[in-house]
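> pasting a predicted model and its sequence here:
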Amino acid sequence: VQSEQGKVTQSNNTSSKSDVIIYPNLDTYHWIVDIYCATGNIVYAKQGMSLLRKMIRIRGEEKANDFSICKNGRASSSRNAAHPPASFAPSAGTHNSVLRALVETMTVVDTANSNAIRASSGNHGAMVHGADKATTAKEATAHLDSMVQYGSSFPTPVTFLLMLQLWQNSQSTEAGVYAEEILSRMEIVGMYQDELKNFSNAYVLALECWLTAAKAGRSGAAECAFRLLEMVEAQASSDDPFSGVNRSMLPLPRMYPLMMSICASTHEKQDASRAMAIAFKICDKMVHDNIKPSPVIFEMLYICVRNFLDRHPEEERQGLLRDVFERAGKHGITRGEVMGRRKQLLRPKKGYYIPA
């Protein structure tokens, strides 16, 4: 009897039809995963990921059984063992279905239940919920190791986008770190897949993940995000034809406001000075690239200065604030516009990130 291999077995030749055991095969698992992912329920989406892990485990056992040990102790294989049939290797489409379901259900949970969580559990409840989402994102990211083992499950551009979106919604201080790890994996896979080159949306999402980390209280988030931005710009300005990044394709009008949001979301005392300095540099970059700063850009610059002054009251206040208002005035933005729009930080819409 071979369990979970999609075979029909029976204990002996005289057994009745009722003794026949039917084990699930690859198609069975795929269909169940698709059903779970289509429910729009976070619990079933996680069960879909659990089944995905089981498929990966079974495939690993199959791979181990592809080889036999000869009498002389050497490992040998059959003629087909060099290219074993990936009977239980989940496809890239199955991985993407699970990831998409997790992203969509986690977003729904954020929208529908965030107020209820705060009302019923206070900050502690919100922290537990965020930790649960971070754990889910870590489990999903770990699947990259098994995906690259088979051609049928090789990661696609959609795979990396969805993983980045998971971390964007994770409310975790580790979101930015994992985003950069995913970017590194993407660049390696891009050596074999041309469609992963010039993939600018992934870099925008990585900055979104650093924004998530900054809002969660990650120390040094602004510095790390700025280093990532400079790295992408350096690749774009290089003469290397294999850099894979084209400056004309970089979404700088979206990346610069994101950097400003990260700086304005930095509240740690040891980071306030550096976040403010980065915010001034971003404003200079926008002017250099002929991108007209909006009133919200100067509002976030103003917030950065206020965050710094609130934590360093000994610094000269008037000079820094005057610099903000003078910069805004050069673009026709009044002092009242800079100070009167402090409702929420600007964030690009998520719609264009979610792949079909």
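Nice, I can see it.

> now the strands for the chain?
For the chain, applying DSSP state E gives strands covering 8-9, 21-22, 67-69, 75-77.

> and the first one, what's its mean pLDDT?
What it means is strand 8-9. Averaged across strand 8-9, the pLDDT comes to 45.

> so Gly40 touches Met106, yeah?
No - look at Gly40 against Met106 with Cβ atoms under 8 Å: they stay out of range, at 11.4 Å. The C-beta positions use only the backbone N, C-alpha and C, and glycine is treated the same way.

> neighbour count for those two, which is higher?
Ranked by neighbour count (other Cβ atoms under 10 Å), Gly40 and Met106 place Met106 first, with 23 against 11.

> residue contacts, the nearest residue to Gly329 once chain neighbours are set aside?
Distances taken as Cβ to Cβ, 6 or more residues apart in numbering place Arg335 nearest to Gly329, at 7.8 Å, with adjacent residues excluded. With contact taken as Cβ atoms under 8 Å, 6 or more residues apart in numbering, Arg335 is in contact with 325, 328-329.

> if I look at Arg335, what pLDDT would I see?
So Arg335 comes in at 87 (pLDDT).

> also Lys269?
With respect to pLDDT, Lys269 has a value of 87.

> all further residue positions should be reported with the first residue as 47.
Happy to do that; since the first residue is 47 now, the last one works out to Lys315.

> thought it was touching Arg357?
Yes - in this structure Lys315 lies within contact range of Arg357 using Cβ under 8 Å: 4.4 Å.

> point out where the stretch 147-296 of the chain drops to low pLDDT.
Applying pLDDT under 70 to the stretch 147-296 of the chain picks out residues 155-176, 240-245, 282-296.

> repeat that for 50
Along the stretch 147-296 of the chain, the model assigns pLDDT under 50 to residues 163-174, 288.

> look up the closest residue to Gln195, ignoring the ones flanking it.
Among residues not flanking Gln195 along the chain, Ala135 sits closest, at 7.8 Å (Cβ to Cβ, 6+ apart).

> what residues are up against the one you found?
If you count contacts by Cβ under 8 Å, 6+ apart, Ala135 has them with 101-102, 105, 195-196, 198-199.

> also Ala186?
Ala186 neighbours (Cβ under 8 Å, 6+ apart): 95, 144-145, 148, 209, 212.

> go through these and say which is closest to Trp77.
Nearest to Trp77 among the contacts of Ala186 is Val144, at 13.5 Å by Cβ to Cβ.

> that closest one against Lys92, yeah?
No - with contact defined as Cβ under 8 Å, Val144 does not reach Lys92; the gap is 9.2 Å.

> who's more crowded, these two?
Remark: of Val144 and Lys92, Val144 carries more neighbours, 27 against 17, as counted by other Cβ under 10 Å.

> where does the stretch 297-402 of the chain have low pLDDT?
Confidence mapping of the stretch 297-402 of the chain against pLDDT under 50 gives the ranges 389-402.

> where along it do the helices fall?
Applying DSSP state H, counting those that start in this stretch to the stretch 297-402 of the chain gives helices spanning 298-310, 315-334, 341-357, 363-375, 381-385.

> before we move on, what about the stretch 147-296 of the chain?
Going by DSSP H, counting those that start in this stretch, the stretch 147-296 of the chain shows helices at 190-193, 203-214, 221-235, 246-261, 267-283.

> now the ones you listed in a markdown table, with mean neighbour count and distance to Leu298?
Formatted as a markdown table, these follow (neighbours: other Cβ atoms under 10 Å; distance: least, Cβ to Cβ, whole Å):
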| stretch | mean neighbour count | distance to Leu298 |
| --- | --- | --- |
| helix 190-193 | 17 | 28 |
| helix 203-214 | 25 | 18 |
| helix 221-235 | 20 | 17 |
| helix 246-261 | 24 | 9 |
| helix 267-283 | 19 | 8 |
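
> please tabulate these in JSON lines, including the columns distance to Ser311.
Output for the helices of the stretch 147-296 of the chain, formatted as JSON lines (distance: least, Cβ to Cβ, whole Å):
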{"stretch": "helix 190-193", "distance to Ser311": "28"}
{"stretch": "helix 203-214", "distance to Ser311": "14"}
{"stretch": "helix 221-235", "distance to Ser311": "12"}
{"stretch": "helix 246-261", "distance to Ser311": "4"}
{"stretch": "helix 267-283", "distance to Ser311": "8"}
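
> who are the contact partners of the residue nearest to Met101 when sequence neighbours are not counted?
Closest residue to Met101 apart from its sequence neighbours, by Cβ to Cβ, 6+ apart: Pro136 at 4.6 Å. Taking Cβ under 8 Å, 6+ apart, we find Pro136 in contact with 75-76, 79, 98, 101-102, 105, 199.
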